[in-house]
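Peer 1: Generate a structure from the sequence data that follows.
(chains A, B, C and D)
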Number of protein chains: 2
Amino acid sequence: MPRGNCRGQGWWHGKFQGCGYRLTAGREAILDILSKSEGHLSAEDIYIKVHSKYPNVGLTTIYRTLDVLSNLGMVSKLDFGDRRARYELAEGPKGERHHHHLVCTNCNKVVDYTDFIDEEVELLQETEKGLGAKYNFKITNHIIQFYGLCDKCSGKK
Amino acid sequence: MPRGNCRGQGWWHGKFQGCGYRLTAGREAILDILSKSEGHLSAEDIYIKVHSKYPNVGLTTIYRTLDVLSNLGMVSKLDFGDRRARYELAEGPKGERHHHHLVCTNCNKVVDYTDFIDEEVELLQETEKGLGAKYNFKITNHIIQFYGLCDKCSGKK
DNA sequence: CTCCTTAATGGAAATGGTTTCCATTAACAA
DNA sequence: TTGTTAATGGAAACCATTTCCATTAAGGAG
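Peer 2: Take a look at the predicted model:
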């Protein structure tokens, strides 16, 4: 029962119902936390933050909701190599804070960069459109990441 | 002891020693399998293939070697959402078979695409150079993935 | 507003890919 | 050939994530 092929324009209050999802306290709590937090939160990070405000929301719901949001394209699920998924709000393609990631494969340090984003976004939108048409995909999200060694780690022998 | 900041040009026979890594039968076996296989292999896939030829290579070594190769930028570690890492040889940035991925978030189907790759590669190389300089990263690898619903999955309600 | 269908929930238990441990082996520089 | 130490493999541990299932509640129908 994939319902991710439903893409609204506005913000989530309407987005959910329009897609057949129910709007619950837990889901609102998670979106609330996500929109107020900077950085790349793990499911547990989110659980702790949500739990302090809504103690009756369980970890399982966190995972389930993040999965839904991810499928809807509202949240990006990221892997920085530290053995747990990280999540962040996916702004619209022209969103102000749109960025990609630079990851150190040694210490797992992550740099959010916004340089070159404009050119990237332009190309990605074309690519997305072209790929969607050619392969019949309804694309909701994308990920770009560069991997390497950061300043400190590349110095060490 | 990060040694990934060592990037040779040639192929792996020399690449290893130059970086201080030892060239062992297991490592050769894994590279051999990887270079002869199409597709996105899991650690276990590789283990099975390697094991049939070199029965004394253990799964642990597979993981360790893939990690080394990944840090060297010779192998890309991928996440398609099926709960296990996938690996493939990372050709040079201008390699013939260079491609990126389109992933269905419902059935985990993966499409390798090469469309738009030229433009992408060009932009990515500039970006890589710029980012490397600005943030002092020695970049060895990158990943681009589009997520959405494939033909079949977007039809279902 | 009330009823009813069924999506959503949460806590506990299970899962399983990946890592850790450690004694043993072997790569390769001297 | 020898010595140093990286590399190995098998078993056990790890732990993020999923599955189970009985219970709750969202929201459309009347």
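Peer 1: Direction-wise, compare the longest strand along chain A with strand B:138-149 and give the angle.
Peer 2: Assignment by DSSP state E gives strand A:138-149 as the longest strand of chain A. Comparing the axes of strand A:138-149 and strand B:138-149 via axes from the mean of the first three to the mean of the last three C-alpha atoms, to 10 degrees yields an angle of 170 degrees.
Peer 1: elements contacting strand A:138-149?
Peer 2: Here strand A:138-149 touches helix A:59-72, strand A:75-79, strand A:100-104, helix A:117-135, helix B:117-135, strand B:138-149, going by 3 or more C-beta pairs under 8 Å, 6 or more residues apart in numbering or on different chains; DSSP states H and E. To be clear about C-beta, it is placed using only N, CA and C from the backbone, and glycine gets the same treatment.
Peer 1: how close does residue A:61 sit to chain B?
Peer 2: Taking C-beta to the nearest C-beta, to the nearest Å as the measure, residue A:61 falls 19 Å from chain B.
Peer 1: measure the nearest residue in space to that residue that is not next to it in sequence to DNA strand C for me?
Peer 2: Once flanking residues are discounted, residue A:61 sits nearest to residue A:26: 4.8 Å by C-beta to C-beta, 6 or more residues apart in numbering or on different chains. Distance, residue A:26 to DNA strand C, using C-beta to the nearest atom of the strand, to the nearest Å: 4 Å.
Peer 1: next structured bit after the host helix or strand of residue A:26?
Peer 2: Using DSSP states H and E, residue A:26 sits in helix A:25-36. Using DSSP H and E, the helix or strand that follows helix A:25-36 in sequence is strand A:41-42.
Peer 1: Show me what the helix or strand following that following strand packs onto, helices and strands only.
Peer 2: As assigned by DSSP H and E, the chain's next helix or strand after strand A:41-42 is helix A:43-53. Using 3+ C-beta pairs under 8 Å, 6+ apart as the contact test, the elements touching helix A:43-53 are helix A:25-36, helix A:59-72, strand A:85-89.
Peer 1: In TSV: the ones you listed, plus mean neighbour count and mean pLDDT.
Peer 2: Formatted as TSV, these follow (neighbours: other C-beta atoms under 10 Å in any protein chain shown; pLDDT from 0 to 100):
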stretch	mean neighbour count	mean pLDDT
helix A:25-36	17	93
helix A:59-72	19	96
strand A:85-89	19	96
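Peer 1: Out of these, which gets nearest to DNA strand D?
Peer 2: Closest to DNA strand D of the helices and strands packed on helix A:43-53 is strand A:85-89 (C-beta to the nearest atom of the strand; 3.3 Å).
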